[in-house]
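Participant: generate a structure from the sequence data that follows.
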Amino acid sequence: MRPEREPRSFSERRSRYFGERHERRFVDVACRAGLRTDHVDHDDRKSSRYLCQNPGPSRSGNRDALVSYKLAVARELLLRDLAERMKAEPVLSAPGTVRDWLRLHCADLEHEVFIILLLDSQNRLIEARELFRGTLSQTSVYPREVVKYTLARNAAAVVFAHNHPSGVAQPSQADEILTRNLKEALSLVDVKVLDHFIVAGTQAISFAERGLL
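Facilitator: Numbers count the residues shown, from 1 in each chain. Below is the predicted model:
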């Protein structure tokens, strides 16, 4: 079997990186932000508008570096757009948006991170933050710091998430114990734990959907 050709243009790399669903959203968000979405294989006048608005690798530099830079810009635009959507409506009414944000945030990470989504009384996003960062296979999470941070932002509910760089999306016994401990700690201050996601590649497994909360 002939190996699949590696994508070369920005549009091809963008489509491969984000997938069809994110590709359409990227084009919409980028246009509203005033950024061009065409490829940068040719150093033409049309591409100069994007490069002037977004200082990055030189046009005369390595093409792959420039494509990677534009992918990073696209990723940041999508993360912001998804966060705005979560701020506008209850996260439970749009679980797909939460999963999209988490998958995009954790894309290509080679270490574990623990993320918290702080929600208001209407379950709308207040803030999303990466609280702890670990190694390839584990992250140390401190319930006291989680409670402290949650109270400081006056959150009424939270959603947790962490990634598995191994690509295995199944929750471990340690994951379940941690979730129970965090839920118990936050219940003492009247903060609800709505869900805990495990992100592995394109998968985002929900504790709530599996009855683990």
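
Participant: correct me, but I198 touches A161?
Facilitator: Yes. I198 lies in contact with A161 (C-beta atoms under 8 Å); the separation is 7.4 Å. Just so you know, the C-beta spots here come from the backbone N, C-alpha and C atoms, and that holds for glycine as well.

Participant: what about these two, which has more around it?
Facilitator: A161 (27 against 23; other C-beta atoms under 10 Å).

Participant: need the contact list for that one.
Facilitator: A161 sits next to 102, 106, 114-117, 196-199, 204 when contact means C-beta atoms under 8 Å, 6 or more residues apart in numbering.

Participant: and what of A94?
Facilitator: The contact partners of A94, by C-beta under 8 Å, 6+ apart, come to 85-86.

Participant: check what pLDDT it gets.
Facilitator: A94 carries a pLDDT score of 86 in this model.

Participant: what about the helices in this protein?
Facilitator: All helices of the chain, identified by DSSP state H, fall at 10-32, 45-53, 63-88, 95-106, 143-152, 173-187.

Participant: rank those helices by pLDDT, which is bottom?
Facilitator: Minimum mean pLDDT among the helices of the chain: helix 45-53, a mean of 40.

Participant: excluding its backbone neighbours, what's nearest the residue nearest the centre of the chain?
Facilitator: With distances taken as C-alpha atoms, centre = their mean, H105 lies nearest the centre of the chain, 2.3 Å away. Sequence neighbours aside, L79 is the residue nearest to H105 in space, at 6.4 Å (criterion: C-beta to C-beta, 6 or more residues apart in numbering).

Participant: same question for N181.
Facilitator: Leaving aside its chain neighbours, N181 sits nearest to P143 (5.8 Å; criterion: C-beta to C-beta, 6+ apart).

Participant: show me what contacts that neighbour?
Facilitator: Going by C-beta under 8 Å, 6+ apart, P143 touches 181-182, 185.

Participant: run the chain-centre distance for stretch 98-109.
Facilitator: 3 Å (C-alpha atoms, centre = their mean, to the nearest Å).

Participant: again, but for stretch 206-213
Facilitator: Distance of stretch 206-213 from the chain centroid (C-alpha atoms, centre = their mean) equals 20 Å.

Participant: list the buried residues of that stretch.
Facilitator: 206-207, 213 (16 or more other C-beta atoms under 10 Å).

Participant: next one: stretch 113-120
Facilitator: If you call a residue buried by 16+ other C-beta under 10 Å, then stretch 113-120 has these buried ones: 113-119.
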